[in-house]
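Asks: with the input below, show me the fold.
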Amino acid sequence: YYSDPSLGMSEEFSYLAKNVIPGVIEVDRAKGIRFWDKAGKEYLDFSAQSNNLNFGNAPEHVLEAMVKQFGRFSYISSRMRSDVFEALSRKLVEITPSSLVKVNAKFTDGSTAVESALKRVRTAKRKPYVITFHESHHGESCETLHANGKRFTPRTLQFGGSGKFLHTPPPFVVQELQNISESAAEEASLSMLRMLCHGRQDIAAILLDPAMFPAGCHPFTKRFIDETSQLCDEADAALIFDEVQTGFGWTGNMFAADHYGTDPHMMTFGKGIAAGLPLAAVVMREEYDVLEYEEDEFTYGGMPLSCAAALKTIERLEQPGMLEHVKTISTEIAKAIKFLRTRYADIVTNVRSLGVMAGLDFCSSDPHAAHTIYGLALKRGLLTRLAANERNSLALKPPLIATQDDVHAARDLLGESLDEYRTLYA
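Replies: Model (predicted):
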């Protein structure tokens with residue numbers, strides 16, 4: 001139910017590169033938090049389609065904005081003025097922390113936005129190395145593949161990229177390796193981070209995803225973020241918040257930076273910025289405005305249709321009650337996963353959440369438990385997400401428009417799947 005590599009060997013899919021072989025579900029239509037396959041079966045989407053759709057599929061506000069903008073102009077050269085691009089750029093500076101006064105929204109995906117931040121910080125600081133965390137995910141360009149704390153193997157060195165990254169374990173990895181308490185693991189993780197920052201003179205930045213969602217949702221604590229920010233100040237390094245996963249409502253705030261009350265040097269965005277349309281951006285302090293024309297803008301970046309969708313998405317998020325709704329649903333999700341943890345303690349070993357994002361870990365005695373439970377849930381009409389790097393975890397991230405009934409339905413479908421798993425593997 002996840003993907004079938006044998007499809008790539010069939011005549012129907014013989015033209016596809018093996019890394020884009022599809023899963024077995026052929027989607028016929030989608031609306032909001034649900035989609036339907038060709039057979040008419042309905043699915044509840046608790047993955048937001050690759051973590052993109054903060055307002056679900058085909059939101060009316062995005063459709064209206066795109067149609068209106070298309071009637072004016074659909075694409076223009078970046079050397080010409082675009083009022084919708086300028087309006088979005090001003091809005092991004094307005095809604096992010098006050099120290100972030102410059103923006104580049106000439107990207108279509110998070111990888112290039114993160115790579116922009118890397119180019120800028122190395123140029124501004126005149127230092128080569130960036131610290132990232134094991135199990136992190138920051139993109140799939142040559143440089144961001146090196147930044148990732150997962151699948152970092154000698155094979156990836158063949159792709160190019162500088163390789164100027166230092167990977168350090170986040171608290172949850174330390175806890176897994178050393179079997180110690182959360183507080184002890186956090187202190188050990190911070191200690192290793194301090195050693196890097198205090199022991200070297202070539203650190204340009206610390207890059208982090210505040211929720212580490214692809215690894216199964218492992219949000220950092222406020223203490224960890226605050227101490228990391230202080231370390232950056234001491235080392236004359238930048239704190240870069242990669243908010244591709246967390247930006248635009250997912251935490252119950254506009255940004256994770258708001259949730260933590262922190263003031264990073266740069267923030268990167270993608271995914272939810274335009275409700276799933278291709279758009280990404282980086283906002284920064286003045287000192288990182290160091291790149292020239294033809295060094296950091298892309299052909300379809302800042303596309304007018306996406307900018308119009310982004311403006312409407314931000315407007316929707318700023319409507320009274322919207323983020324309050326997200327916080328209410330976040331509470332329901334936290335209750336639901338805690339219920340599953342209690343009821344299925346022999347299978348579900350740990351749960352956690354940040355906003356509507358949640359993660360569930362499964363029994364170590366079966367390293368394939370997550371894959372099995374994923375398939376059992378999908379069979380019942382619930383789409384979740386497998387954690388990256390073959391971790392034995394599921395991640396949940398429904399669109400912000402999910403209702404209490406949606407959360408309860410997902411909880412019940414996961415419960416039924418866990419019941420079946422228990423029957424099959426007892």
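
Asks: where does this protein dip in pLDDT?
Replies: 1-11, 151-154, 157, 426 (pLDDT under 70).

Asks: find the centremost residue of it, please.
Replies: Centroid-nearest residue in the chain: residue 245, 2.1 Å away (criterion: C-alpha atoms, centre = their mean).

Asks: residues in contact with it?
Replies: 51, 209, 211, 213-214, 271, 357 (C-beta atoms under 8 Å, 6 or more residues apart in numbering). C-beta: built from backbone N, CA, C; applies to glycine.

Asks: let me have the residues you listed in TSV, adding neighbour count, secondary structure and distance to residue 192 as columns.
Replies: Listed next are those as TSV, based on neighbours: other C-beta atoms under 10 Å; DSSP: H, G, I helix; E, B strand; the rest coil; distance: C-beta to C-beta, whole Å:
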residue	neighbour count	secondary structure	distance to residue 192
51	21	helix	28
209	30	coil	18
211	27	coil	21
213	26	helix	22
214	24	helix	22
271	26	helix	30
357	26	strand	25
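
Asks: residue 99: which of these is nearest?
Replies: Nearest to residue 99, judged by C-beta to C-beta, of those is residue 209 at 20.3 Å.

Asks: for that closest one, which non-adjacent residue is closest in space?
Replies: If the residues on either side of it in the chain are set aside, residue 209 comes closest to residue 242, at 4.6 Å by C-beta to C-beta, 6 or more residues apart in numbering.

Asks: which SS state does residue 190 fall under?
Replies: Here residue 190 is recorded as helix under DSSP: H, G, I helix; E, B strand; the rest coil.

Asks: what's the answer for residue 359, then?
Replies: strand.

Asks: how close does the residue nearest to the centre of the chain sit to residue 53?
Replies: As judged by C-beta to C-beta, to the nearest Å, residue 245 and residue 53 stand 13 Å apart.

Asks: cool, residue 306 as well?
Replies: Distance from residue 306 to residue 53, by C-beta to C-beta: 14 Å.

Asks: what's the answer for residue 196, then?
Replies: Distance from residue 196 to residue 53, by C-beta to C-beta: 37 Å.

Asks: looking at those two, which is more packed in?
Replies: residue 53 (27 against 18; other C-beta atoms under 10 Å).

Asks: what about the closest residue to that one other than its chain neighbours, how many neighbours?
Replies: Excluding its sequence neighbours, the residue lying closest to residue 53 (C-beta to C-beta, 6+ apart) is residue 276, at 4.5 Å. Using other C-beta under 10 Å, residue 276 has 25 other residues around it.

Asks: hmm, residue 51 and residue 276 touching each other?
Replies: No - when contacts are counted by C-beta atoms under 8 Å, residue 276 is not listed as touching residue 51 (9.6 Å).

Asks: show me where the stretch 201-350 of the chain has helices.
Replies: 222-234, 256-260, 304-317, 322-343 (DSSP state H, counting those that start in this stretch).

Asks: give the burial count for the nearest residue to residue 72 once chain neighbours are set aside, as a bare number.
Replies: Among residues not flanking residue 72 along the chain, residue 304 sits closest, at 7.7 Å (C-beta to C-beta, 6+ apart). By other C-beta under 10 Å, the residues close to residue 304 number 20.

Asks: which residues sit in contact with residue 304?
Replies: 69, 72-76, 82, 84-85.
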